[in-house]
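Participant: Sequence plus the predicted model coming up.
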Amino acid sequence: MIFSKTLLRRHTVLPGFDLALGLTLTYLCLIVLIPLSATFLRSTELTWDQFVEVVTSPRVMASYKLTFGASMLAALLNGVFGLLVAWVLVRYDFFGRRFVDALVDLPFALPTAVAGITLTGLYSANGWIGQFLEPLGIKVAFTPVGVFVAMTFIGLPFVVRTVQPVLEDMASELEEAAATLGASRWQSFTKVILPILMPALLTGFALAFARALGEYGSIIFIAGNMPMVSEITPLLIITKLEQYDYAGATSIAVVMLVMSFIMLLAINGLQAWTRKRQGK
Amino acid sequence: MSASTVSAAVLPVPAAQKLAPPDVARATTEPVWVRRLLITLALLFLSLFLFVPLVSVFFEAFKKGWEVYVAAITEADAVSAIWLTLTAAVIAVPLNLVFGVSAAWAIAKFDFRGKSVLLTMIDLPFSVSPVIAGLIYVLVFGLQGWFGEWLMAHDMKVIFAVPGIVLATIFVTFPFVARELIPLMQAQGQEQEEAARVLGASGWQTFWKVTLPNVKWGLLYGVILCNARAMGEFGAVSVVSGHIRGQTNTLPLHIEILYNEYQFAASFAVASLLASLALVTLVLKYIVERRVHQQMAQAQQAGAAA
């Protein structure tokens, strides 16, 4: 009875609020909140100076640079091509459109380890794609470029799937009005369509970026994992754990968690903005 | 003779049709060459990043022939990995299903303080790196963890054992069902349930006979996504598993071990099992998605009419 007395804003004839919310909160605390808080509590075992020393050591700093930089570039590429793919899927009809539409979700459905070994195979020096890049002097597998490729793969559906529904709902009157008023097609796109898509586009970008930041499975196969060069931050956490350096692993995890929370808040804000723009 | 030809024969042609057709189409779409260019670019990008990798999994899996393939997936370690993967999914998916339904019931059918905070909390596992998802259970149940000594004293193992793998799987698949159900149930509102209650249905009757049929496709959709992730999770499970062959190795971890031992054909053979699962997931998702959209559209129409 406790929740319905204290939290409910208005009376309802529907039953089960206490049971449903009670179950939800218990499960949430047991599975997510209490274990997550362990990370923060364990990191306090170090003094502030020790903590700073761990999370700013050169090897860790190099991993941030790679993880953030590659995530940003991958999300940008997905922003451009995600918009293109969403546009083509919504606006044009072509052979195999439905098949392509369904295939876009592959990175969500394909386990990351499978993606990892597959991309590594494709981009290694004698792989299907790597053999064409090798003579050009481009090395992808076992370099930071490989990290970028894996992140692009796993982030691919986000922009498409956030932009697509907005584009589908967009009223054609707006473009017709723009055209009637003498706008060229390019002007309609940049001044009318793009501003409407912007919140969704940014949301998709942020989702792809956030996903890439934490990604592990698909990257470790293709990255080569050389310290200071192609070692991502999540891998450092595992390395420290394997050396039984719990405090070190936890400290880096706290930095990543804080980043994730900032991204989560940013994404929530962007989604609220999208809904407001959509008038829903 | 169709109705339109009759009317065309009888009635004078409307004036507008005699004029050149208005250039709406040209003003609101792109020239043919631009369209073709954009389609080509999009397809090139998708081929490079999606289609080619997908094909290559199966190509690499069968490269050394059918016998090597069958040997790789029927070998004892592979079979035990398949079992463990299925076990983890069979436990994690129903638990997250019950949680998802109860969270959606509370959030969609009631108006209460702190709802938006709860919604954000439910999304937390999606924004946390899988590696950290594994780490948090090591910190709680590991040897140096909160319950490490107690578990040791009672001869129980969570980390480097099956319970840890199940927990990590539950964590990474936590939001899937809730996330699909909440918007659908919110769009459907509570009038139908209220009507059922007023007409004398009990709470459970209302749930089983009114709510559940209304959300069944959304529920199925959430379960499909949840299951795909549960069977494919790598990072979180890798941290808590300990990689004991034949005991704590799931399919994705088995792929890694084979790959690191340079048994590429075997590794891709096992990978092709998971890739097939991904394809089945995509097909089911595609079929169910349309039903979910229908249910959603019906709910929104009903909402607009009311």
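Facilitator: Good, I have the coordinates.
Participant: Run through the residues that contact the closest residue to chain A within the stretch 151-300 of chain B.
Facilitator: When distances are taken as CB to the nearest CB, the stretch 151-300 of chain B reaches nearest to chain A at B:Gly232, 2.8 Å away. From N, CA and C alone the C-beta is placed, and that goes for glycine too. Taking CB atoms under 8 Å, 6 or more residues apart in numbering or on different chains as the criterion, B:Gly232 is in contact with A:Ala109, A:Leu110, A:Pro111, A:Thr112, A:Ala113, A:Val114, B:Leu251, B:Pro252, B:Leu274, B:Leu277, B:Ala278.
Participant: So chain A: which segments form each domain?
Facilitator: Here chain A is described, according to automatic domain parsing, as comprising the domains A:1-43, A:47-277.
Participant: hey, which of those domains is tucked in deepest?
Facilitator: Taking mean count of other CB atoms under 10 Å in any protein chain shown as the contact definition, the stretch among the domains of chain A with the greatest mean neighbour count is domain A:47-277, which reaches a mean of 19.
Participant: Give me the distance from that one to the chain's centre.
Facilitator: Relative to the mean C-alpha coordinate of its chain, domain A:47-277 is positioned 5 Å out (CA atoms, centre = their mean, to the nearest Å).
Participant: what about the longest helix anywhere in chain B, distance to the chain center?
Facilitator: In chain B, taking DSSP state H as the definition, the longest helix is helix B:264-305. Relative to the centre of its chain, helix B:264-305 is centred 7 Å away, using CA atoms, centre = their mean.
Participant: Tell me where the stretch 151-300 of chain B has helices.
Facilitator: B:162-173, B:176-188, B:191-198, B:203-206, B:212-232, B:235-241, B:251-260, B:264-305 (DSSP state H, counting those that start in this stretch).
Participant: Pull out the buried positions in the fifth one.
Facilitator: Spelled out, it's helix B:212-232. Neighbour-count burial for helix B:212-232, with 16 or more other CB atoms under 10 Å in any protein chain shown as criterion, is recorded at B:214-215, B:217-232.
Participant: Now the residue in the stretch 51-200 of chain A that chain B sits nearest to: closest residue in space, sequence neighbours ignored.
Facilitator: Among all residues of the stretch 51-200 of chain A, A:Pro111 sits closest to chain B, at 2.8 Å; criterion: CB to the nearest CB. Here the nearest residue to A:Pro111 in space, its sequence neighbours aside, is B:Gly232; by CB to CB, 6 or more residues apart in numbering or on different chains that works out to 2.8 Å.
Participant: same check, this time on A:Tyr244
Facilitator: Computed as CB to CB, 6+ apart, the closest residue to A:Tyr244 that is not its neighbour in sequence is B:Gln144, at 7.7 Å.
Participant: tell me the contacts of residue 165?
Facilitator: Picked chain A for this. The neighbours of A:Pro165, taking CB under 8 Å, 6+ apart as the test, are A:Ala200.
Participant: Oops, wrong one, chain B.
Facilitator: With contacts defined as CB under 8 Å, 6+ apart, B:Ile165 is in contact with B:Leu84, B:Ala88, B:Val237, B:Val240, B:Ser241, B:Thr248, B:Thr250.
Participant: if you set the cut-off to 6 Å instead, what comes out?
Facilitator: For B:Ile165, the residues meeting the contact criterion (CB atoms under 6 Å, 6 or more residues apart in numbering or on different chains) are B:Ala88, B:Val237, B:Ser241.
Participant: Same list (those) but as a markdown table, adding pLDDT and distance to chain A.
Facilitator: Shown next, in a markdown table, are those (pLDDT from 0 to 100; distance: CB to the nearest CB, whole Å):
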| residue | pLDDT | distance to chain A |
| --- | --- | --- |
| B:Ala88 | 96 | 13 |
| B:Val237 | 95 | 10 |
| B:Ser241 | 90 | 12 |
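Participant: which parts of the stretch 101-250 of chain A sit against chain B?
Facilitator: Within reach of chain B by CB under 6 Å from any CB of the partner chain, the stretch 101-250 of chain A has these residues: A:102-103, A:105-106, A:109-114, A:117-118, A:122, A:153, A:156, A:175-176, A:179, A:210, A:214, A:216-217, A:234, A:237, A:246.
Participant: Check whether B:Ser102 really touches A:Leu23, as I assumed.
Facilitator: Yes - proximity of B:Ser102 to A:Leu23 meets the contact threshold set by CB atoms under 6 Å, at 4.4 Å.
Participant: who touches both of the two?
Facilitator: In the contact map built from CB under 6 Å, 6+ apart, no residue is linked to both B:Ser102 and A:Leu23.
Participant: Could you pull out the helices in the stretch 1-150 of chain B for me?
Facilitator: Under the criterion DSSP H, counting those that start in this stretch, the stretch 1-150 of chain B contains helices at B:3-10, B:15-18, B:24-28, B:32-46, B:52-61, B:66-74, B:76-109, B:115-127, B:130-141, B:148-153.
Participant: who wins for proximity to A:Ile222 among the ones you listed?
Facilitator: helix B:52-61 (11.4 Å; CB to CB).
Participant: and that closest one, which residues are buried?
Facilitator: Along helix B:52-61, these residues count as buried under the neighbour rule (16+ other CB under 10 Å): B:Val52, B:Pro53, B:Leu54, B:Ser56, B:Val57, B:Phe58, B:Glu60, B:Ala61.
Participant: Spit out the contact partners of the last one.
Facilitator: B:Ala61 makes contacts with B:Tyr69, B:Phe268, B:Ala269, B:Ser272, as judged by CB under 6 Å, 6+ apart.
Participant: Relative to B:Thr250, how far out is it?
Facilitator: As for B:Ala61, its distance to B:Thr250 is 18 Å (criterion: CB to CB, to the nearest Å).
Participant: for A:Thr39, same thing?
Facilitator: For A:Thr39, the distance to B:Thr250 (CB to CB) stands at 24 Å.
Participant: what do you get for B:Ala81?
Facilitator: B:Ala81 is 6 Å from B:Thr250, by CB to CB.
Participant: Thanks a lot, catch you later.
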